[in-house]
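Mind folding the following:
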Amino acid sequence: MTFPFDTLRRWPDVEAPELVAADAADRLLLDESTGARTALDEGSLVVIGDTYGALTLASAAEGARGIRVHQDPLTGERALAANAERLSVDDDAFSSLPFDADLVRDAEVVLLRLPRSLDELDDVAALIARHASRGVTVFAGGRIKHMTVAMNDVLRRHFDTVDVTHARQKSRVLVARGPKQGHDPEPRRATHDGLVVCAYGGVFAGTSVDIGTRFLLDNLSGRVAGGGTADDPVVDMACGTGVVAATFARQGLHAYASDQSAAAVASARATAAANGVSELVRVERDDLLSLLDDASVSFIALNPPFHVGAAVYEGVAARLFADAARVLRPGGELWTVWNSALLYRPTLERVVGPTRQVARNSKFTVMASVRSASAYDR
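Coordinates of the predicted model:
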């Protein structure tokens, strides 16, 4: 049977003609692992980093059951579920799990889409080596343009042998066997002006405070006009490591931090704990701000991403702006920072309300948008 890769969708993630739900690396990973996946016991296959479900659903179509899956972005997890429903995949075929020991415990085969971050790859390899079967085989694949020799070195820290397959359609697979001792990943830590930043592998900016966020915070100082209570927390949207939320909380404000990345959520919680402000910071894994009610908060801070995976796609910010507008009360403010070359102001004016420039330097622009009451009727 030929699996219908072309029918897979990215929804609820952004969709566009140039953005695909499955690629040549997915197909090569499946082909290279065919022999190893044959006649596996139920629950012995683990899939990590499956972008929109191609690896999981193709394996299920070949008879695998009890597949354990972890996708860092919540949109990927929801796309897998939607694609499974569309293809009428049995409920017992797979389950989505957190990134912890139970995900990989006693696994015999792991299919892994190689992350671009070496720290993230180190976390994944360490967890597999610690908890998977001693006979586990890891098939780690990706597009050659995103792969580096350093990835082989990371895998060799945790496995006795790492073999490299032949390239096909600009993709390649690394095959790791012989797990070493391994360990449960812990967040990395760094301190910036008294703020402790914690980061698991793969989170944007790691343990640093990226210059856009720093520029936003510099201009926010003393200018948060509303919110900060338990019933009306200031919101750190797409929070990453939770730097903005923790900064607010250190000032005594209640904060709500949200990100679709599981690693970001874990990092933000660790950052809050490391700064002694966990009681003031609520962190949730969410796509956009769906867990917050309409017109429920007075202030949102946002450093919007402009990448979808490896692709630059400005449309991702528009989704964030629109949901921020939904959640803001009339008169509430959305403060954003972005690369000055991006043209977000017209979108903010349209979907949020009157927008003013707060600050601008050679790289970044900070804007404040006021939620207009009339926008609710648009």
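
At the geometric centre of the chain, which residue do we find?
Per C-alpha atoms, centre = their mean, the C-alpha nearest to the average position across the chain is that of Ser261, at 3.0 Å.

close enough to count as contact, it and His70?
No - judged on C-beta atoms under 8 Å, Ser261 makes no contact with His70 at a distance of 11.9 Å. Backbone N, C-alpha and C define where each C-beta goes, glycine included.

Find the nearest non-adjacent residue to the residue nearest to the centre of the chain, please.
Closest residue to Ser261 apart from its sequence neighbours, by C-beta to C-beta, 6 or more residues apart in numbering: Asp72 at 5.3 Å.

follow-up on the earlier one: could I get the contacting residues of the residue nearest to the centre of the chain?
Neighbouring residues of Ser261 by C-beta atoms under 8 Å, 6 or more residues apart in numbering: 72-74, 202-203, 240, 285.

Which stretches in the stretch 251-378 of the chain count as strands?
All strands of the stretch 251-378 of the chain, identified by DSSP state E, counting those that start in this stretch, fall at 255-259, 281-285, 297-302, 307-308, 311-312, 328-339, 355-360, 364-370.

Can you say which of the ones you listed is nearest to Val14?
strand 307-308 (5.9 Å; C-beta to C-beta).

and the closest one, average pLDDT?
Across strand 307-308, the average pLDDT comes to 49.

Over to stretch 129-144?
On average, stretch 129-144 scores 98.

how long is that stretch end to end?
24 Å (C-alpha to C-alpha, to the nearest Å).

which of the residues in it are buried?
129-133, 136-143 (16 or more other C-beta atoms under 10 Å).

and if you look at stretch 91-103?
For stretch 91-103, by 16+ other C-beta under 10 Å, it's 93-94, 96, 99, 103.

among the residues you listed, which two are most distant?
It's Ala93 and Phe99 that sit farthest apart of the buried residues of stretch 91-103, by C-beta to C-beta, at 20.3 Å.

Domain map for this structure?
Under the assignment automatic domain parsing, the domains of the chain span 5-179, 188-377.

Quick one: distance of the first one to the chain centre.
Taking C-alpha atoms, centre = their mean, to the nearest Å, one finds the center of domain 5-179 at 16 Å from the center of the full chain.

repeat for the longest one
Taking the mean of its C-alpha atoms, domain 188-377 sits 15 Å from the chain's own mean (C-alpha atoms, centre = their mean).

surely Gln357 meets Thr365?
Yes - Gln357 sits in contact with Thr365 when judged by C-beta under 8 Å, with a separation of 6.5 Å.

For those two, indicate the residue with more neighbours.
Counted by other C-beta atoms under 10 Å, Gln357 and Thr365 do not tie: Thr365 has more neighbours, with 20 against 10.

How much space separates the more buried one from Asn219?
With distances taken as C-beta to C-beta, to the nearest Å, Thr365 is found 10 Å from Asn219.

list residues touching both of those two?
Ala359.

How about Pro330, nearest residue that isn't a chain neighbour?
Nearest to Pro330 is Ala373, by C-beta to C-beta, 6+ apart, at 4.0 Å.

Neighbours of that neighbour, how many?
Ala373 is flanked by 11 other residues according to other C-beta under 10 Å.

Does it touch Gly332 like I think?
No - between Ala373 and Gly332 there is no contact under C-beta under 8 Å: 10.6 Å.

so where's the chain uncertain?
The chain contains residues with pLDDT under 70 at 1, 306-315, 374-378.

Would you map the helices across it?
Per DSSP state H, the chain carries helices over the ranges 24-32, 34-37, 54-61, 74-86, 101-104, 118-131, 149-158, 211-220, 243-250, 262-274, 315-327, 345-351.

Nearest to Gln181 among the ones you listed would be which one?
Smallest distance to Gln181 across these (C-beta to C-beta): 6.8 Å, for helix 118-131.

From Ala325, how far off is Glu85?
Using C-beta to C-beta, Glu85 is found at 30 Å from Ala325.

typed the wrong thing, it's Asp23
34 Å.

Who has more neighbours out of the two?
Ala325 (24 against 18).

isn't that one right next to Ala373, touching?
No - contact criterion C-beta under 8 Å: Ala325 and Ala373 do not qualify, at 11.7 Å.

Pull the number of nearby residues for Thr241.
34.

And for it, nearest residue in space, chain neighbours not counted?
Closest to Thr241 by C-beta to C-beta, 6+ apart is Ser267, at 4.5 Å.

so who does the one you found touch?
Counted by C-beta under 8 Å, 6+ apart, Ser267 has contacts 187, 198-200, 203, 240-242.

Inside strands: which ones of those residues?
198-199 (DSSP state E).

Which two among the contacts of Ser267 are spaced furthest apart?
Among the contacts of Ser267, Pro187 and Gly240 lie farthest apart (C-beta to C-beta), at 12.6 Å.

the more surrounded of the two?
Ranked by neighbour count (other C-beta under 10 Å), Pro187 and Gly240 place Gly240 first, with 28 against 21.

The more buried one is in contact with Gly206, isn't it?
No - using C-beta under 8 Å as the test, Gly240 is too far from Gly206 to be in contact (9.6 Å).

so what's Ala132 closest to, chain neighbours aside?
Per C-beta to C-beta, 6+ apart, closest to Ala132 is Ala107, 4.3 Å.

Tell me how far Met147 lies from Arg116.
Shown here: Met147 relative to Arg116, a distance of 9 Å by C-beta to C-beta.

more crowded one of these two?
Met147 (21 against 15).

Quick one: residues contacting the more buried one.
Counted by C-beta under 8 Å, 6+ apart, Met147 has contacts 114, 172.

Could you measure from it over to Leu114?
Met147 is 6 Å from Leu114, by C-beta to C-beta.

what's the neighbour count on the closest residue to Thr336 other than its chain neighbours?
The spatial neighbour of Thr336 that comes closest, neighbours along the chain excluded (C-beta to C-beta, 6+ apart), is Leu302 at 4.9 Å. When counting by other C-beta under 10 Å, one arrives at 22 neighbours for Leu302.
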